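Novice: Pasting the sequence and the predicted coordinates here, then a few questions.
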Amino acid sequence: MYRLRCGRGGVIALAILASVLLGVVTGGMLLAGPAQAEVAPSVYLDDHEIPGVQAVFGAEGRLIVPMRPFFEGLGASVYWDGESRTARAFMRDHVVTLQADNQTGFRDGEPVRLYVPATILNGRMFIPLRFAAESLGGQVHWDGGRQTARITFPDMAIQVPAAATDKAAAEAQVEDDGAVLARYPGEEIDLLMRVINAEAYKEPYEGKVAVGAVIVNRARQSGQTLTQVLRDRTPSGGCHFTVVCNGQVNRLPVQDDVRRAAAAALRGEDPTGGALYFNATRYARGRFWDGLRAKGWRETRIGNQSFFRPPAS
């Protein structure tokens with residue numbers, strides 16, 4: 001990794017270099033003519049090319065960029081759920097959610113109608129540049145004369161990967177589920193899986209990974225084992241995980257995707273961006289939950305559950 005710190009105004013430039021005219025600006029957005037659909041501009045962050053980013057023009061001439069290297073090039077952490085084809089990116093207090101072919105994106109939990117949806121091209125997720133950058137707190141300016149898209153992040157340090165995040169290479173480096181689970185005692189994995197299963201029984205796969213991520217996050221923060229976290233009691237004597245107290249963990253058949261979700265969470269996948277608490281959205285009311293919101297904790301909704309992560313330090 002190498003660090004780029006924004007200077008005055010926190011300016012980060014994405015220099016779009018191409019050998020042909022890139023289009024015109026309408027309403028602040030890039031538009032390209034039909035003959036320019038094949039153009040693939042190079043993208044630069046300040047004076048350094050963002051590894052792995054090759055911009056192209058999507059529908060209606062909107063500039064789109066590959067999801068993971070672009071988000072990570074701006075310093076965001078990224079979660080990708082291949083089952084639902086959904087990407088989440090977290091940076092400071094912001095979260096942006098995009099699903100392939102869905103005309104609605106989410107910025108900090110609020111729906112936003114997109115000019116062009118995220119799309120899968122040659123096995124990679126491409127996302128609309130302007131929406132993605134602005135959702136993470138940036139401001140996008142287009143300089144038609146210099147053919148430069150300029151993104152500003154005031155008073156912010158940017159982490160840039162030193163090498164491209166290639167999809168195939170990333171997948172090759174992922175430890176398989178069995179190897180991940182084998183690092184923990186069998187009874188601990190069994191309890192983890194049963195809690196994930198009971199807490200997210202009717203939730204999508206991403207929601208199951210999210211529940212597992214909360215458990216892993218709490219274990220890492222406290223220095224406890226997974227079993228200690230799962231069996232820990234509240235000051236009043238109740239369980240932090242209700243399904244442990246009421247025996248629900250032993251009553252429901254474990255679903256097929258729970259093992260994979262447990263391994264994903266232990267591997268470090270986290271669609272919540274670092275949450276430490278969760279509850280069904282309809283129950284996430286009252287003094288405790290409102291207190292978290294009042295203290296700046298950020299809420300991310302996945303399925304029918306709300307996940308709360310601490311405010312950025």
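Specialist: On my side now, so go ahead.
Novice: low-scoring pLDDT stretches of the chain, where are they?
Specialist: 1-61, 141-152, 154-175, 313 (pLDDT under 70).
Novice: I'd like to know which elements the longest helix anywhere in it is packed against.
Specialist: Once the chain is assigned using DSSP state H, the helix that runs over the most residues is helix 205-222. Helices and strands touching helix 205-222, by 3 or more Cβ pairs under 8 Å, 6 or more residues apart in numbering; DSSP states H and E, are strand 77-81, helix 186-199, helix 226-231, helix 258-267, strand 277-280, strand 298-302, strand 305-309. Glycine gets a C-beta too; all of them are placed from N, C-alpha and C.
Novice: buried ones in that helix?
Specialist: By 16 or more other Cβ atoms under 10 Å, the buried positions in helix 205-222 come out as 205-219.
Novice: Quick check: end-to-end length of stretch 243-254?
Specialist: Terminal residues of stretch 243-254 are spaced 14 Å apart (Cα to Cα, to the nearest Å).
Novice: related to what we said a few turns ago, can I get the helices and strands packed on helix 205-222 in TSV including distance to Asp176 and mean neighbour count?
Specialist: What follows is the helices and strands packed on helix 205-222, written out as TSV (distance: least, Cβ to Cβ, whole Å; neighbours: other Cβ atoms under 10 Å):
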stretch	distance to Asp176	mean neighbour count
strand 77-81	17	20
helix 186-199	15	20
helix 226-231	20	19
helix 258-267	8	23
strand 277-280	27	18
strand 298-302	25	21
strand 305-309	26	24
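Novice: As TSV, these with distance to Thr104 would be great.
Specialist: Shown next, in TSV, are the helices and strands packed on helix 205-222 (distance: least, Cβ to Cβ, whole Å):
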stretch	distance to Thr104
strand 77-81	16
helix 186-199	27
helix 226-231	35
helix 258-267	25
strand 277-280	23
strand 298-302	14
strand 305-309	19
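Novice: Let me see the ranges of the helices in this structure.
Specialist: For the chain, applying DSSP H gives helices covering 67-73, 129-135, 167-173, 177-181, 186-199, 205-222, 226-231, 242-245, 258-267, 287-294.
Novice: Let me know which of the ones you listed is the nearest to Ala118.
Specialist: When the helices of the chain are compared by Cβ to Cβ, helix 67-73 sits nearest Ala118, at 7.1 Å.
Novice: Format the CA atom coordinates belonging to that closest one as CSV.
Specialist: Extracted C-alpha coordinates of helix 67-73, given in CSV (Å, rounded to 0.1, in the frame of the first residue of the first chain):
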residue,chain,number,x,y,z
MET,A,67,-16.5,-2.0,-8.6
ARG,A,68,-13.8,-3.5,-6.3
PRO,A,69,-10.6,-1.7,-7.5
PHE,A,70,-12.5,1.6,-7.8
PHE,A,71,-14.0,1.4,-4.2
GLU,A,72,-10.7,0.2,-2.7
GLY,A,73,-8.8,2.8,-4.7
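Novice: Which strands or helices does it pack on?
Specialist: Counting by 3+ Cβ pairs under 8 Å, 6+ apart, helix 67-73 packs on strand 48-54, strand 77-81, strand 86-91, strand 124-128, helix 129-135.
Novice: Rebuild those as JSON lines, extending it with distance to Gln224.
Specialist: JSON lines is the format used below for those (distance: least, Cβ to Cβ, whole Å):
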{"stretch": "strand 48-54", "distance to Gln224": "37"}
{"stretch": "strand 77-81", "distance to Gln224": "23"}
{"stretch": "strand 86-91", "distance to Gln224": "24"}
{"stretch": "strand 124-128", "distance to Gln224": "36"}
{"stretch": "helix 129-135", "distance to Gln224": "35"}
